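structure, please.
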Amino acid sequence: MSRIGEDGRMELNRDDHPFIDSLQIGDSFDGFFVLTSMQMSMTRANKPFLVFEFTDRTGRIKGKLWDDAESAYQGLALGQVVKVRAYVEEYLGAAELKVLKVRTVPKEDVVDFGRFVPTLDRDLDVEWDILRGAVEGMEHPGLRQLLTSLLDDEAFEKAYRQAPAGKKWHHGYLGGLLEHSASMTKLAARIADHYPQLNRDLLIAGAILHDVGKLIELQFDTVIDYTVRGRLEGHLVLGVEFITERAKGIEELDEETLVQLRHLILSHQGTRENGCPVEPMTREAFALYYLDELDSKLNAIERELEKAGSGGGPFTDYIRLLNRMLYKGGGLEQAEE
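Numbering: from 1, shown residues only. Next up is the predicted model:
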């Protein structure tokens, strides 16, 4: 329960440790977040203060610490779980925290990392079975052996089930990689049925493995962010390196098929402007690129519409990554009322 403190502010129950999306202007609370941004600034009177960004699985919020900023700065690092005592103010029309205290929480003391990273809230056994079934149905012995060796690897399965497929945009939550890849695998099978000139096994292998480099590119314990190798090399290169290494010793995986599989990974983002070292040059590479565009865009659009909700008119706010607003529907009926 909440109560009114001596200063007239609403105080949340200290045991509640609220999530960011539940905070309201005027709330006073203790909470646990991840520190994702920190910058030292100076007031006009030349006094230092800190500007933060905090996140949890429900969102992100800015905050400012006005007292003992230099001391706090020395004891904090990005990506850490922190305990924050603050109250919520309004600044330029948005909620912002006035931070009273902030301290690091040792990793070993964090009981539930699920508080901090968005998570797909359902069982992924169905998606894993989709991959299993697709691999079992492959006719190419080398591709079937490569994929089976990966799916039978407990460490690979654990990482693949947990990993996100992106940082913020599409499938940017734990379980997102498997959800995205299973959806791609189902689409690939349907497209291969419609276009018999496509190499079905190769396209399905590309659907399962096109984002495998994200297991190395992204870290996802307290926050979804890039690893050092992820920033320096990117998931396309990392994915090709991973597959090349895992393919060693599989005699039935001929060089022609392996090269085409690596081409699918290297070209699946479509253009050099999108970060591809090479652009699609095979039927399967073109098909994989468009399937990836379809599945990733529709996932991102769905999340933007969910975030916008039903209020605020028939359109979302302008979405920079799409260079447009999205229509939520119902606008004509509202205009006629």
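
which stretches of the protein form helices?
Applying DSSP state H to the chain gives helices spanning 69-74, 125-136, 141-151, 154-162, 176-194, 200-209, 214-217, 228-233, 235-247, 255-267, 283-308, 331-336.

would you turn those into CSV with mean pLDDT?
Output for the helices of the chain, formatted as CSV (pLDDT from 0 to 100):
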stretch, mean pLDDT
helix 69-74, 92
helix 125-136, 97
helix 141-151, 98
helix 154-162, 96
helix 176-194, 97
helix 200-209, 98
helix 214-217, 96
helix 228-233, 96
helix 235-247, 97
helix 255-267, 98
helix 283-308, 93
helix 331-336, 63
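
from the ones you listed, which stretch is densest packed?
helix 200-209 (a mean of 26; mean count of other C-beta atoms under 10 Å). Any C-beta I mention is one placed from the backbone N, CA and C, and that applies to glycine too.

now it against helix 125-136, angle please.
Counting by axes from the mean of the first three to the mean of the last three C-alpha atoms, to 10 degrees, helix 200-209 lies at 150 degrees to helix 125-136.

nearest to residue 105, of the helices of the chain?
Taking C-beta to C-beta, helix 69-74 is the member of those nearest to residue 105, at 14.3 Å.

what packs against that closest one?
strand 27-42, strand 48-56 (3 or more C-beta pairs under 8 Å, 6 or more residues apart in numbering; DSSP states H and E).

how about a cut-off of 6 Å?
strand 48-56 (3 or more C-beta pairs under 6 Å, 6 or more residues apart in numbering; DSSP states H and E).

what is the distance between the strand it packs on and the centre of its chain?
On the basis of C-alpha atoms, centre = their mean, to the nearest Å, strand 48-56 sits 21 Å off its chain's mean C-alpha point.

in it, what counts as buried?
The neighbour-count check on strand 48-56 (16 or more other C-beta atoms under 10 Å) flags 49-56 as buried.

what's the closest of the residues you listed to residue 79?
The nearest one, if we look at the buried residues of strand 48-56 relative to residue 79 and count by C-beta to C-beta, is residue 55, at 10.3 Å.

can you read off the pLDDT for the closest one?
The per-residue pLDDT reported for residue 55 equals 91.

hang on, isn't it packed against residue 34?
Yes - counting by C-beta atoms under 6 Å, residue 55 touches residue 34, with 5.1 Å between them.

measure stretch 110-117 end to end?
End-to-end span of stretch 110-117 (C-alpha to C-alpha, to the nearest Å): 13 Å.

residues in contact with stretch 302-313?
Stretch 302-313 has contacts (C-beta atoms under 6 Å, 6 or more residues apart in numbering) with 316, 319, 326.

in JSON lines, list the helices of the chain along with distance to residue 107.
Formatted as JSON lines, the helices of the chain follow (distance: least, C-beta to C-beta, whole Å):
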{"stretch": "helix 69-74", "distance to residue 107": "19"}
{"stretch": "helix 125-136", "distance to residue 107": "28"}
{"stretch": "helix 141-151", "distance to residue 107": "29"}
{"stretch": "helix 154-162", "distance to residue 107": "17"}
{"stretch": "helix 176-194", "distance to residue 107": "23"}
{"stretch": "helix 200-209", "distance to residue 107": "31"}
{"stretch": "helix 214-217", "distance to residue 107": "21"}
{"stretch": "helix 228-233", "distance to residue 107": "19"}
{"stretch": "helix 235-247", "distance to residue 107": "25"}
{"stretch": "helix 255-267", "distance to residue 107": "33"}
{"stretch": "helix 283-308", "distance to residue 107": "29"}
{"stretch": "helix 331-336", "distance to residue 107": "48"}
